[in-house]
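*Asks:* coordinates for the following, if possible.
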Amino acid sequence: MAELTPEEVRLFRHNGFLQLRDPLPDELLCEVRDLGYDHLAREVEPVVKDPDGRPIRLSKALERDPIFERAIRHPVVIEPLSSLLGPNFVAIRNRHNHLTLNPSRVRPDAFHRDNRQWTRSLVTIICYLEPTTLENGCTRVVPGSHLWPGIEPSRLEEDARIAGSGLLEQDVPVPMPAGGLLVIDSLVFHRIGTNRTEDSRMSMTFGFHAVDEFAAPYDPKRLLISGSYTYGGNDRA
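*Replies:* Take a look at the predicted model:
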């Protein structure tokens, strides 16, 4: 079973990240990876390029092909998320929802949060479509940093409090196998590591949150993944 144990939930709450036990199945993993490389090679829009003109990101994954929705509806994704978010939750289309290459580069990615304030936090899932190692730039996280107050700069080094706190020097690498799933609190400080190899490695990232019980049910930027929309506002007749 892919459901999280109470101990895993507590560890996630404490550290702000957790490696899930069960990977995406090989057949599904290969389909997603092959489609990703095909769209990158043909530069199927919307695509983001690095300063050298290399395609490194495929945006709007859920709008590209049904296989991406099939991937995030797989039990190895649904069941752990249900342990964290409850039975009713959505994927968001306007944050993450992309595939990313980490090509060989000199300048590392900057530490960042996926959103700025704890009142609108997400649960982010990163699926590694290829092995990610210390050499090719695995994700690096600062455990417990999701408890830091809200911040405005997107690059954490620009915040004087953080730059002088010593927090960023406490980061740890998180190597993952192909198909491995890493779930993070979107407020935890994290970045892509530096790729010191000659090759790229690919991952895909999606964001989730529980159904907003105070919002109108339909939002085109949300995709209901599990359960149903519920409304708990006290303005109901």
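
*Asks:* so what's the model's average confidence on the host helix or strand of L40?
*Replies:* With secondary structure defined by DSSP states H and E, L40 is part of helix 26-41. For helix 26-41, the mean per-residue pLDDT is 96.

*Asks:* contact partners of it?
*Replies:* With CB atoms under 8 Å, 6 or more residues apart in numbering as the test, helix 26-41 has contacts from 23-24, 44, 47, 55, 58, 64-65, 67-68, 70-71, 74, 99, 101, 127, 129-130, 178-179, 202, 204. From N, CA and C alone the C-beta is placed, and that goes for glycine too.

*Asks:* could you list which of those belong to strands?
*Replies:* If you go by DSSP state E, these have V47, P55, L58, L99, L101, C127, M202, M204 in strands.

*Asks:* just the buried members of the contacts of helix 26-41?
*Replies:* 23-24, 47, 55, 58, 64, 68, 71, 74, 99, 101, 127, 129-130, 178-179, 202, 204 (16 or more other CB atoms under 10 Å).

*Asks:* identify the bridge partners of L223.
*Replies:* A91 (DSSP bridges).

*Asks:* do I have it right that it meets R93?
*Replies:* Yes. Counting by CB atoms under 8 Å, R93 is a contact partner of L223 at 6.5 Å.

*Asks:* shared neighbours, those two?
*Replies:* Shared contacts of L223 and R93 (CB under 8 Å, 6+ apart): L62.

*Asks:* neighbours of P143, just the number please.
*Replies:* 16 (other CB atoms under 10 Å).

*Asks:* give me every residue that touches it.
*Replies:* N15, G16, F17, Q170, V172, V188.

*Asks:* now swap in P23 and tell me
*Replies:* P23 neighbours (CB under 8 Å, 6+ apart): L29, V76, P177, A178, G179, G180, L181.
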